[in-house]
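Engineer: Build me a model:
(one chain, ligands or ions: 1)
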Amino acid sequence: MKHGIFITFEGPEGSGKTTHSRLLRGFLRKKGYKVLHTREPGGTLISEKIRKILLDPKNKGMDVSCEMLLYMAARAQIVKQKILPALTQGKIVVCDRFTDATLAYQGYAGGMDLKVIENIAGIVTKGLKPDITFLLDIDARAGLLRTGRSKDRMERKSILYHNKVRNGYLSIAKKEPKRVRVVSSGGEITLAQEEIRKRVLKICR
Ligand code: TMP
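Structural biologist: Now for the predicted structure:
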């Protein structure tokens, strides 16, 4: 039984997910909520090991289906080990990225069938979907410029690929406007964060 609230942050590279999810975590904890803040791929010992394989620039020959299945494998572990138990305990789970990332990156940008991704996601997440998703939207090139100099395997993909990721995310938001809130991430952090907090408090009440 799920009693908690599941919030995810998504967006292209350099869109400020981590900054915003950390700010939200602090805000909610101050209000007295119990929060699990985690990230994908990662969040468990096994999933962090899979993350290393996925982001290692040396693995540049990785096939997109291998990539998709590794992201799903990491997800299977974190859902079972961390996310579902926290939700059962009534916590608020704030997660940087989830299934929408696989749809945007391996699906819309990587060319994998979206239905196949959705079906596998259904198995590894046991049908779990976020209650709300904040899509931090930013121009793909501007976002990439914000990332550090030592780029990981995904950040090294072409600008064409990253543009497709951004457009993929926007298509998901169009399909599911109730769940996915698009927040413009090019401007003031405080303004975007205020919008996020207002929305979350509405759900928490
Ligand atoms: P991040 O922690 O900086 O977001 O790094 C994770 C990278 O992995 C980022 O480039 C997005 C990518 N990714 C996918 O391609 N598919 C997925 O399912 C997930 C969760 C992340």
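
Engineer: Next up, the contacts around the closest residue to residue 124 other than its chain neighbours.
Structural biologist: Distances taken as C-beta to C-beta, 6 or more residues apart in numbering put residue 76 closest to residue 124, at 3.9 Å, once the chain neighbours are dropped. In this view, the C-beta of every residue, glycine as well, is placed from N, C-alpha and C. Shown in contact with residue 76 (C-beta atoms under 8 Å, 6 or more residues apart in numbering): 123, 124, 125.

Engineer: for residue 76, helix, strand, or coil?
Structural biologist: Using DSSP: H, G, I helix; E, B strand; the rest coil, the structure places residue 76 in helix.

Engineer: and the gap between it and the ligand?
Structural biologist: 12 Å (C-beta to the nearest ligand atom, to the nearest Å).

Engineer: Equivalent analysis for residue 93, please.
Structural biologist: 15 Å.

Engineer: what's the burial count for that residue?
Structural biologist: By other C-beta atoms under 10 Å, the residues close to residue 93 number 25.

Engineer: Residue 36 is in contact with that one, correct?
Structural biologist: Yes. Residue 93 is within contact range of residue 36, at 4.8 Å (criterion: C-beta atoms under 8 Å).

Engineer: Quickly list what's touching both of those two.
Structural biologist: With C-beta under 8 Å, 6+ apart as the test, residue 93 and residue 36 both reach 83, 86.

Engineer: contacting residues for residue 138?
Structural biologist: 11, 12, 14, 15, 16, 166, 184, 185, 186.

Engineer: Nearest residue to the last one in space, please, no chain neighbours.
Structural biologist: Nearest residue to residue 186, sequence neighbours excluded (C-beta to C-beta, 6+ apart): residue 138, at 5.5 Å.
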